[in-house]
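In: after the sequence you'll find the predicted model.
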Amino acid sequence: MIQTTHSANPVTKERRDRFLSRRSVIEMRARERARALLDRGSFRELLGPFDRLESPWLPLQGIVPESDDGVIIARGQLAGQPAVIMAIEGAFQGGGMGEVSASKIAGALALARRDCASSKPILPVLLLETGGVRLQEANLGEAVVAEIHAEIIALRRHVPVIGVITGMVGCFGGMSITAGLCSYLVIFPQGRLELNGPEVIEQEAGIDELDASDKRLIWSLMGGEQRYETGFADALVEDDAELLKQTIRDLAARGIPARHRSEKVEEYRRSLANIDPAAPPDGPALRRMWPKGDMQ
Amino acid sequence: MSIITPLSSRGRTWFQALAEKAQPVDTGLGSVLVADATWGGERVRLLAIVPDQRNRFPRAQHGELGLEEGWALAHHVREAIAADSSDAKRPIIAIVDVQSQAYGRLEALLGIHLSLAAAADAYATARMAGHPVVALIVGTALSGGLLAHGDQAHRLLALDAPGVIVHAMRKASAARITRRTVEELDELGKTVIPMAYDIRQFAKLGLLHELIAGIDADAPSAAQVAQVEERVAAAIADIRKRPGDLTARLDNPEAKVHRAASIEVRKRLAEQWDAS
C-alpha cells in the first residue's frame, strides 16, 4: 500500500485514477529519474558510463566498480529552464559517496556556480538516495562530501539549490547535512532523513535508546511526513514524476529564500532551549511544538 | 551538589594552551569553549568541543558534537562575522578533538543533521566573508564531527602524534558495517590510503596543509605550544596570500598522486559541460 499525504481521506475516484496513472519515481533507477524530470528530448548525461570514470579504491578491496560510480549528472531543460540533475543511485553501494561519485556532484555544483555567476542561470537539483559516505573510501568520501557542502553554500547565493529525498534508502550520514544545506528540500512519504541511521544509533547508543526494528518509532522520528510537518523539509509529495517536477518548478519559482534553514541559528537555539531532555517530546508532540518549522 | 571536575581532553588542553590570557566568551554550554585570543597583536577566535558530564543532552556528554553544540558553533562563528563586518576579519580557529556526532533518539527527532549543517554553513560563510579559517586537529576527528567543525576551513593542520585520528566512522563500527575484523581494517589501511586511521596516511591524500611534528599532544611544553601557534599563524598568513576555497586541497603534489581521480572528474566534467 502506498502512503499518501491525505491518508485520512477516503479514496476518491480522482485519487484512484491518479494513483493508477502515476509514474513512480521510487521504482526508477537514478538515470531514469533524471530523464523523467527533464523535458522530453533535452536529457544529456555528463561523465556517463562510457567515460569509465570508476572508483580506483573499490577493486583494491575486491568490490566490482560501476562505470558511473553510482552518480548520474544530466543537463537539460526542466519546465523550459536550464537545469542540472545530480542523481545518486541508491542501488549501488547503498548510494554511498566515494571519491569519484562525490566529485561528480561537487564538480557539477562548481560549474553551475560558474554559469550562474556569468549570467547563465541553471537550476541545480540533487536527487539524494544515499547512506552517506562510502565506508570503503572513508576519508576521501568524507573530504569530497565537505567539498559538496562548500559548493552548495556558495552556489545557493546565486540560485536556489533543490534537494529531493525519494525512497527507499533515505538520506543519511554526511549527505543528510547536504540536505540540510539545500535551499528547498522535497521529501516523499517513503523518504527518511537523518544524520545517523537507525542501526548506527542502536549500535552506538544501545537498544534502549533506539530499537532499529521498531519501524513505527523510526518513521515517527525521521520519516518524510514527520520531517515535513516539523519544518525540516519544504514539500511532501506523492511518488509521481510529474508531481515532483511541478513541485521542483514551483519551489524554484520562489527564488532564493531570505534566509536558508541552516542560517536560522537563533530560532533553533531558542527552540532547543525549550526542550527538556529529561521529558522529551515524541514525534507527534514535536509536530505540535514546531509546526512546519514555525517554532515558538 | 557534588563538584565535578571537567573531563580532560586534548581539545580542552589545546584550547587552554592557545587561549592563554584570552578573553573567554560565555557560550552557556560546558561543552563549547570559545575565546578571543591576541596573537602577535591580532585578535583570533578559538573554538573547541570538549566533554561535559553535565551536558543536559546525555548523548553528548563525552565530547560528541550534539544538537546544541552544532548550533552554538554556528552562533559563535556568525557572531564574529557580524562583529567584523566593517572591520579587520579576525581569523577563526577550530581546535578539533571531536568524538563524532551524538547518536540518539532525541538527536534524530530534533534534526541533528541540521545542527551540523548550520555549523558547516557558518564556517564556510566566514571563509567566504574573508576570515582566515584554520582547523587544528589535535585528537580524534571523526565523521560528522569533522564535517561540522573543521572541514570547511581554508587549511587543515594536524599534530603528528599518536591518537591523532581522522576517519568517517569509529573503527569497531566501520569493521562491523563493512564485515571485516578490526585487524583486517588496519591491514587494509596500509594499501587503501583513504581507509587508514593514521594521520600520516591521511596526509598522503593532500588534504592537510601541514602535519606538525615533534609535539606532545597530551602534555605540550610551553615551547611546543609556541611552535604550534607559530605554525597556525603561518597558515593564516598563507591564507591571506592565497585564500581560495576547498579546491586548494586538490592543488598539491600529494593530491596529484592519490586524488588523481578527483582531479580527472573535475577536468572532464568541465570539458563536457558545454559540449553540444
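Out: It's in.

In: mind telling me which residue of the stretch 101-250 of chain B is nearest chain A?
Out: Relative to chain A, the nearest point of the stretch 101-250 of chain B is B:Ala117 (3.1 Å; Cβ to the nearest Cβ). (Each C-beta comes from the backbone N, C-alpha and C, glycine too.)

In: that residue falls within a strand, correct?
Out: No. B:Ala117 is assigned helix when assessed by DSSP: H, G, I helix; E, B strand; the rest coil, not a strand.

In: helix, strand or coil for the residue nearest to it when sequence neighbours are not counted?
Out: The shortest distance from B:Ala117 to any non-neighbouring residue, by Cβ to Cβ, 6 or more residues apart in numbering or on different chains, is to A:Gly180 (3.1 Å). With three-state DSSP as the basis, the three-state label of A:Gly180 is helix.

In: and A:Gly180, how many neighbours?
Out: 28 (other Cβ atoms under 10 Å in any protein chain shown).

In: which bits of the stretch 1-150 of chain B sit near chain A?
Out: B:56-59, B:67-68, B:71-72, B:74-75, B:78, B:101, B:103-118, B:120-122, B:124-125, B:128, B:143-144, B:146-148 (Cβ under 8 Å from any Cβ of the partner chain).

In: try 7 Å
Out: B:56-59, B:67-68, B:71, B:74-75, B:78, B:101, B:103-106, B:108-114, B:116-118, B:120-121, B:124-125, B:128, B:144, B:147 (Cβ under 7 Å from any Cβ of the partner chain).

In: in helices, which of those residues fall?
Out: Counting by DSSP state H, the residues of the stretch 1-150 of chain B next to chain A place B:67-68, B:71, B:74-75, B:78, B:105-106, B:108-109, B:112-114, B:116-118, B:120-121, B:124-125, B:128, B:144, B:147 in helices.

In: are any of these buried, and which?
Out: Using 16 or more other Cβ atoms under 10 Å in any protein chain shown as the burial test, those include B:67-68, B:71, B:74-75, B:78, B:105-106, B:108-109, B:112-114, B:116-118, B:120-121, B:124-125, B:128, B:144, B:147 as buried.

In: for residue 139, which non-adjacent residue is spatially closest?
Out: With no chain named, the answer covers chain A. B:Pro194 (4.5 Å).

In: that answer is for a different chain, and I need it for chain B
Out: According to Cβ to Cβ, 6+ apart, the nearest residue to B:Gly139 is B:Asp97 (3.3 Å).

In: was I right to think the residue nearest to A:Asn139 contacts A:Glu142?
Out: No. Checked against Cβ atoms under 7 Å, the pair B:Pro194 and A:Glu142 is beyond contact range at 8.7 Å.

In: next SSE downstream of the helix or strand bottoming out on mean pLDDT in chain A?
Out: Ranking every helix and strand in chain A by mean pLDDT, DSSP states H and E puts helix A:13-21 at the bottom, with a mean of 82. Scanning forward in sequence from helix A:13-21 by DSSP states H and E, the next helix or strand is helix A:30-37.

In: helices along the chain, start to end?
Out: Chain wasn't specified; assuming chain A. A:13-21, A:30-37, A:99-117, A:138-155, A:174-181, A:198-205, A:215-222, A:224-229, A:241-253, A:265-273, A:283-289.

In: could you do chain B instead?
Out: B:10-18, B:67-83, B:105-109, B:112-128, B:144-148, B:171-177, B:182-191, B:199-203, B:222-241, B:253-258, B:260-273.

In: so which of the ones you listed is the most surrounded?
Out: Mean neighbour count (mean count of other Cβ atoms under 10 Å in any protein chain shown) peaks for helix B:144-148 among these, with a mean of 31.

In: need the residues that contact that helix.
Out: Residues outside helix B:144-148 that contact it (Cβ atoms under 7 Å, 6 or more residues apart in numbering or on different chains) are A:142, A:145-146, A:174, A:177, A:195, B:65, B:70, B:73, B:96, B:98-101, B:116, B:119-120, B:166.

In: same deal with stretch A:272-285?
Out: A:220-221, A:226, A:289, B:56-58, B:67-68, B:71, B:106, B:109-110.

In: quick one: distance of that stretch to the chain centre.
Out: Remark: stretch A:272-285 is offset 26 Å from the chain centroid, using Cα atoms, centre = their mean, to the nearest Å.

In: pull out the buried positions in that stretch.
Out: Under 16+ other Cβ under 10 Å, the buried positions of stretch A:272-285 are A:272, A:275, A:277, A:281, A:283.

In: any idea how far B:Lys241 lies from B:Ala223?
Out: Computed as Cβ to Cβ, to the nearest Å, the B:Lys241 to B:Ala223 distance reads 27 Å.

In: so how many other residues sit close to A:Ser220?
Out: 18.

In: give the closest residue to it in space, chain neighbours not counted.
Out: Using Cβ to Cβ, 6+ apart, the nearest residue to A:Ser220 is A:Gly283, at 3.3 Å.

In: now do B:Tyr103
Out: Closest to B:Tyr103 by Cβ to Cβ, 6+ apart is A:Glu204, at 4.1 Å.

In: circling back: can you add mean pLDDT and distance to A:Ala87 and give the helices of chain B back as a markdown table?
Out: Output for the helices of chain B, formatted as a markdown table (pLDDT from 0 to 100; distance: least, Cβ to Cβ, whole Å):
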| stretch | mean pLDDT | distance to A:Ala87 |
| --- | --- | --- |
| helix B:10-18 | 97 | 39 |
| helix B:67-83 | 98 | 28 |
| helix B:105-109 | 98 | 26 |
| helix B:112-128 | 98 | 20 |
| helix B:144-148 | 95 | 22 |
| helix B:171-177 | 81 | 24 |
| helix B:182-191 | 88 | 30 |
| helix B:199-203 | 94 | 30 |
| helix B:222-241 | 97 | 35 |
| helix B:253-258 | 95 | 27 |
| helix B:260-273 | 97 | 15 |
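
In: any chance of those in a markdown table with distance to B:Val138 as columns?
Out: Conversion of the helices of chain B to a markdown table gives the following (distance: least, Cβ to Cβ, whole Å):
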| stretch | distance to B:Val138 |
| --- | --- |
| helix B:10-18 | 5 |
| helix B:67-83 | 17 |
| helix B:105-109 | 25 |
| helix B:112-128 | 17 |
| helix B:144-148 | 12 |
| helix B:171-177 | 19 |
| helix B:182-191 | 21 |
| helix B:199-203 | 11 |
| helix B:222-241 | 9 |
| helix B:253-258 | 21 |
| helix B:260-273 | 27 |
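
In: so which of the ones you listed is nearest A:Gln93?
Out: Set against A:Gln93 and scored by Cβ to Cβ, the helices of chain B come closest in helix B:171-177, at 11.9 Å.

In: contacting residues for the residue of chain A found nearest chain B?
Out: Of all residues in chain A, the one sitting closest to chain B is A:Gly180 (3.1 Å; Cβ to the nearest Cβ). Going by Cβ under 7 Å, 6+ apart, A:Gly180 touches A:261-262, B:113-114, B:117.

In: list the contacts of B:Gln272.
Out: Going by Cβ under 7 Å, 6+ apart, B:Gln272 touches A:46-47.

In: one step back: switch the contacts of stretch A:272-285 over to JSON lines; also include distance to B:Arg231.
Out: JSON lines is the format used below for the contacts of stretch A:272-285 (distance: Cβ to Cβ, whole Å):
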{"residue": "A:Ser220", "distance to B:Arg231": "49"}
{"residue": "A:Leu221", "distance to B:Arg231": "43"}
{"residue": "A:Gln226", "distance to B:Arg231": "46"}
{"residue": "A:Met289", "distance to B:Arg231": "47"}
{"residue": "B:Arg56", "distance to B:Arg231": "37"}
{"residue": "B:Phe57", "distance to B:Arg231": "34"}
{"residue": "B:Pro58", "distance to B:Arg231": "37"}
{"residue": "B:Leu67", "distance to B:Arg231": "33"}
{"residue": "B:Glu68", "distance to B:Arg231": "31"}
{"residue": "B:Trp71", "distance to B:Arg231": "30"}
{"residue": "B:Leu106", "distance to B:Arg231": "39"}
{"residue": "B:Leu109", "distance to B:Arg231": "42"}
{"residue": "B:Leu110", "distance to B:Arg231": "38"}
